[in-house]
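Visitor: when you get a sec, could you give me coordinates for this:
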Amino acid sequence: MTSRPLLAVIQYDGGGFAGWQRQPVDRTVQAEFEAVLERLMGRRTPATGAGRTDTGVHALGQGVSFQSSERWASQPADLRRALNALLPREIWVERVHLMRPGFDARRSATARRYRYLIGTDEAAASPFRRPYEWALGQPLDVRALESAAAALVGEHSFRGLAAAGANTTHYRCRVALAHWAPRADGAGLRFTVEADRFLHHMVRFIVGTMVDIALGRRPPDDFPRLLAANDNLAASPPAPPQGLYLEAVQYPPELFAEESTS
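Guide: Residues are numbered from 1 along each chain as shown. Have a look, this model is predicted:
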């Protein structure tokens, strides 16, 4: 049977999932997505995610690749509607793209962008906000945060700011963007970071350490030292997962076979 590669850009509320990647027992986004693909394609259809988000982490622009039958590949708008009709309410397909042969959502990505939200006001404890941000509930030294973020830009080894025993051949990542900004709702701060790749728990370790610096719990010059460290023993505890969002994934334009559908 002829098959074509497709890219689905999906959003999900990670609160009810043990992350993206399929697990033997726990509920995952990948397992839910593949179950629906199997119903639509009439066969087992593996799905590859651009980022292996952890338990409780959300996504606004997760890239997911899979092989589709010619029937669905020729009707991506219909496929999007069918996916959204069958997927659980925590998952939503925003767009579907027909891609060139050889496309892989993980290996073909050139950059990934994450967002982290912190609530600095008392109302961050609201049950309508707590599942989607770090309900810190106290002010932060924004200048200290900005100084630490500036040190991130460029290529570094993130062995000192990632989970120990990460399954990787190297720890070097190129950070193109890292900045803090007030949230549009005025209820706290938003951290945005973009890089060619991210290590396990890397963004959460970065945010946790920066917040400790902004609260005066550790000196600002700790951050450059962590970027040169050979282990993560000196890092602050990682920030909570519910404040983290995979915001977008970038791919070379030449890999798209046609315009997206919505």
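
Visitor: distance of residue 231 from residue 6?
Guide: From residue 231 across to residue 6, the span is 41 Å (Cβ to Cβ, to the nearest Å). Using the backbone N, CA and C atoms, a C-beta is placed for each residue, glycine as well.

Visitor: the two: who's more crowded?
Guide: Ranked by neighbour count (other Cβ atoms under 10 Å), residue 231 and residue 6 place residue 6 first, with 24 against 10.

Visitor: let me see the contact set for that one.
Guide: 65, 66, 67, 68, 72, 73, 76, 79, 96, 97, 98, 99 (Cβ atoms under 8 Å, 6 or more residues apart in numbering).

Visitor: pairing partners for it in the sheet, please.
Guide: Residue 6 has these beta-bridge partners by DSSP bridges: residue 66, residue 98.

Visitor: dump the helix or strand hosting residue 191 to PDB, keeping only the CA atoms.
Guide: Per DSSP states H and E: residue 191 is located in strand 188-195. Taking C-alpha atoms only, strand 188-195 is exported to PDB below (Å, rounded to 0.1, in the frame of the first residue of the first chain):
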ATOM      1  CA  GLY A 188       3.400  37.100  36.300                       C
ATOM      2  CA  LEU A 189       6.200  36.300  33.900                       C
ATOM      3  CA  ARG A 190       6.800  34.300  30.800                       C
ATOM      4  CA  PHE A 191      10.200  32.700  29.800                       C
ATOM      5  CA  THR A 192      10.800  31.800  26.200                       C
ATOM      6  CA  VAL A 193      13.700  29.700  25.000                       C
ATOM      7  CA  GLU A 194      14.500  28.400  21.600                       C
ATOM      8  CA  ALA A 195      17.300  26.000  20.700                       C
END
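
Visitor: show me what the following helix or strand past it is packed against.
Guide: Beyond strand 188-195 in the direction of the C-terminus, DSSP H and E gives the next helix or strand as helix 202-214. Using 3 or more Cβ pairs under 8 Å, 6 or more residues apart in numbering; DSSP states H and E, the elements in contact with helix 202-214 are strand 111-119, helix 142-152, strand 188-195, helix 222-227, strand 244-250.

Visitor: pull the residues that contact the shortest one.
Guide: Helix 222-227 is contacted from outside by 148, 151-152, 156-158, 160-161, 209-210, 213, 234-235, using Cβ under 8 Å, 6+ apart.

Visitor: buried only: go through those residues for me.
Guide: 148, 151, 152, 156, 157, 158, 160, 161, 209, 210, 213, 235 (16 or more other Cβ atoms under 10 Å).

Visitor: how close does the last one get to residue 244?
Guide: Remark: distance between residue 235 and residue 244 (Cβ to Cβ) = 16 Å.

Visitor: and for the second one?
Guide: Residue 151 sits 20 Å away from residue 244, going by Cβ to Cβ.

Visitor: do the first one as well
Guide: Look at residue 148 and residue 244: by Cβ to Cβ, they are 17 Å apart.

Visitor: now do the fifth one
Guide: Look at residue 157 and residue 244: by Cβ to Cβ, they are 22 Å apart.

Visitor: no more questions from me, cheers.
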